[in-house]
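Asks: Sequence first, predicted model second:
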Amino acid sequence: METVLIVDDEKNYTLILSAVLEEEGFETLTANSGYEALEILKHSDVDLVLTDMKMPSMDGIELLEHVKVKDPELPVIMMTAYGTVEKAVEAMQKGAHNYILKPFDNNSLIVYVNKATAVYRMVKENRQLRDAVEDRYSFGNIIGKSRSMENVFETIRKVAPTSATVLIEGESGTGKELVAKSVHFNSPRGDKPLIAVNCSAFAENLLESELFGHEKGAFTGAVSMKKGRFELADRGTLFLDEIGELSQNLQVKLLRVLQEKTFERVGGIRPISVDIRIIVATNKILKKEIREGRFREDLFYRLNVVHIELPPLRHRIEDIHLLLNHFIEKYSGERKSDISLKGIEKKAERLFYEYQWPGNIRELENVIERAMILCPGDIIKVSDLPRDFRENVYNTWQFEGIPANAKLYETLTFIEKNMIKRALKMTGNIQAHAAKLLGIGKSGLNQKIKKYKLDVGSKK
C-alpha cells in the first residue's frame, strides 16, 4: 500500500484529496504547510508528495528542493493554478515528477498519482536489487563441500523457487542469515525487498511496532505513522532472526498473521494485507522450547514447513580448508603490507582442525582477519595466530570424547585413531595428503590404518 503526502494550506482541500486517494487504495498523510510536511517526512515512509505550488512561508518549489535533498528519487507532483504554469515548469526543471492544473477532475489526479507511485516502486525495487548484487549474496557463495553442506545446498535448490516458509536452525555463527539470503535471492522474489529483523534486539513493545508499524498517537513518542517490516517486505521476503526470543504475546500475533494473511498496525483498526515470504532462524532447539513451555507448538508447525539445519563447524571440518582460503582471499586486499600473502603453513593450519570452534564460521573468520593483520611475511605461521586462539586449541579438543576412567594407553590409542580418521576424511581418503597433514610417512600411516582396521576407500 503506497503512501501519499498531501500538502496544501487549505485544510478542506487536503481532506477532499485524502478521501479521493484512500478510495483508490492509497494511504494518505496530510500537511498544511511546507514545514509540517518536512517534519512528517523525517518520521514517515512516503511514496509520493502531492503539493500545492502557492503556499505561505514555504512555497511548493522550496518544499521540492528540500525533498530532493532528502531523497532525489522521491516523486513530487505540483498542483498549480493556470496563472502559475511558468512556476510549474521551473519546478519540473528542479526535479518535480509532474504538475497538474487546478481545477482538475478526480480521474486525472488518480492517473497522475498511479504513474508517479509506479515509477517510485520500480526505483525502490532497483535499490534492493543493487544492494543484493553489491552484497554478492548468492547460492554459490556459501562455502562447503561436506556431506552435511551438500544436503543444505540441495534443500535450498528445492525450496528457493517456492513461497514456502523456511525454518533455519543452527548455532550462532553457522551462517543462518547467509542461507536466508541465498533462498531469497535465488527465488522469484529475488529482485524484491528482503527485510531482516533480529527479534532479540528489541524490547517486546518496540518489536511489535517494528514488525507491524504503528499509527500516529498509538503510544507516547509515536508522533507520526510508521510502516512496519511486514509492510516494507511486501512482495518480498521477511527474515525473522532469533525467532526463539519472541515473547508469548508476539507469538500469538505472528501466528494470526500467518493464518489470516492480514494484520493491523499498533493503534490501528484497519486490516492490512501483504504478500510476503517468511524465513525464520534460531540458535535454539525449538522442540525443546516447546516442551519447556516457551514456544507455541502451533506456531512451530506454521513456521517449520521446510526445515534447514546448519551443522556446527566442528562437524564439518572437511570445509575448513575451503573456508581458510576464502577468508584469506577476502581480507588480502585490506593488508597494509606490500608483501602478498601466499597462504598458511601446514603446522598452523593443523591448529584449525584441532580447535572445536564454539563461535563457528564467524569465529574462524575473526581469527583469519586478525592473523592477516599480525602476519609480517607471505605465509601465516603459528606465531601469527592470536595468542588466545593458540592457547584455547589445546584446552578444548583432546578430552571431549575420552572416558573419565581411561588409561594412558587407551587414551593415546583413542586420540591417534580419531586423528587418523579425521585426517582421512578431510583429505578425501587420499593417504599421501592425510600423512602430510599428520606429519608422518605414508607407509607409517598405512600400517596404522591396518592396525585400526579403518575403512578408507581410496588409498592413493
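Replies: Looks like it came in fine.
Asks: number of nearby residues for T80?
Replies: Look at T80: counted by other Cβ atoms under 10 Å, it has 22 neighbours. C-beta coordinates here come from the backbone N, C-alpha and C atoms, glycine included.
Asks: Oops, could you answer that again for E309 instead?
Replies: Using other Cβ under 10 Å, E309 has 14 neighbouring residues.
Asks: Test my guess that it contacts V166.
Replies: No: using Cβ atoms under 8 Å, E309 is not in contact with V166, being 11.5 Å away.
Asks: can you give me the strands in the stretch 201-350 of the chain?
Replies: 213-214, 226-227, 237-241, 262-263, 272-273, 277-282, 306-309, 343-344 (DSSP state E, counting those that start in this stretch).
Asks: make that the stretch 351-460 of the chain, sorry
Replies: For the stretch 351-460 of the chain, the strands defined by DSSP E, counting those that start in this stretch occupy 379-380.
Asks: Could you list the low-pLDDT ranges of it?
Replies: For the stretch 351-460 of the chain, applying pLDDT under 70 flags the ranges 394-406, 457-460.
Asks: ok, back up a step: tell me which of the strands of the stretch 201-350 of the chain lies nearest to R121.
Replies: strand 226-227 (14.1 Å; Cβ to Cβ).
Asks: Paired strands for the closest one, with orientation please.
Replies: Strand 226-227 sits in its sheet next to strand 213-214 (antiparallel), going by DSSP bridges.
Asks: so what's the closest residue to L424 other than its chain neighbours up against?
Replies: Computed as Cβ to Cβ, 6 or more residues apart in numbering, the closest residue to L424 that is not its neighbour in sequence is A434, at 4.9 Å. The contact partners of A434, by Cβ atoms under 8 Å, 6 or more residues apart in numbering, come to I420, A423, L424, M426, T427, L445.
Asks: Same list (those) but as CSV, adding distance to V69.
Replies: Compiled in CSV, the contacts of A434 are given as follows (distance: Cβ to Cβ, whole Å):
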residue, distance to V69
I420, 66
A423, 61
L424, 63
M426, 56
T427, 59
L445, 69
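Asks: Narrow those residues to just the buried residues.
Replies: Taking 16 or more other Cβ atoms under 10 Å as the criterion, what is buried in those is I420, A423, L424, M426, T427, L445.
Asks: returning to what we had before: with A348 as the reference, measure out to the residue nearest to L424.
Replies: Remark: distance between A434 and A348 (Cβ to Cβ, to the nearest Å) = 18 Å.
Asks: related to what we said a few turns ago, out of the buried ones among the contacts of A434, which is nearest to T28?
Replies: Looking across those and measuring by Cβ to Cβ, the closest to T28 is M426, at 62.0 Å.
Asks: Hmm, L437 and the closest one touching each other?
Replies: Yes: counting by Cβ under 8 Å, M426 does reach L437; the two are 6.9 Å apart.
Asks: Which of the helices and strands in this protein ranks last by mean pLDDT?
Replies: Lowest on mean pLDDT, DSSP states H and E among the helices and strands of the chain sits helix 387-396, with a mean of 76.
Asks: Point out the other helices and strands that that one packs with.
Replies: helix 346-354 (3 or more Cβ pairs under 8 Å, 6 or more residues apart in numbering; DSSP states H and E).
Asks: any idea of the angle the helix it packs on forms with helix 387-396?
Replies: With axes from the mean of the first three to the mean of the last three Cα atoms, to 10 degrees applied, the angle from helix 346-354 to helix 387-396 works out at 60 degrees.
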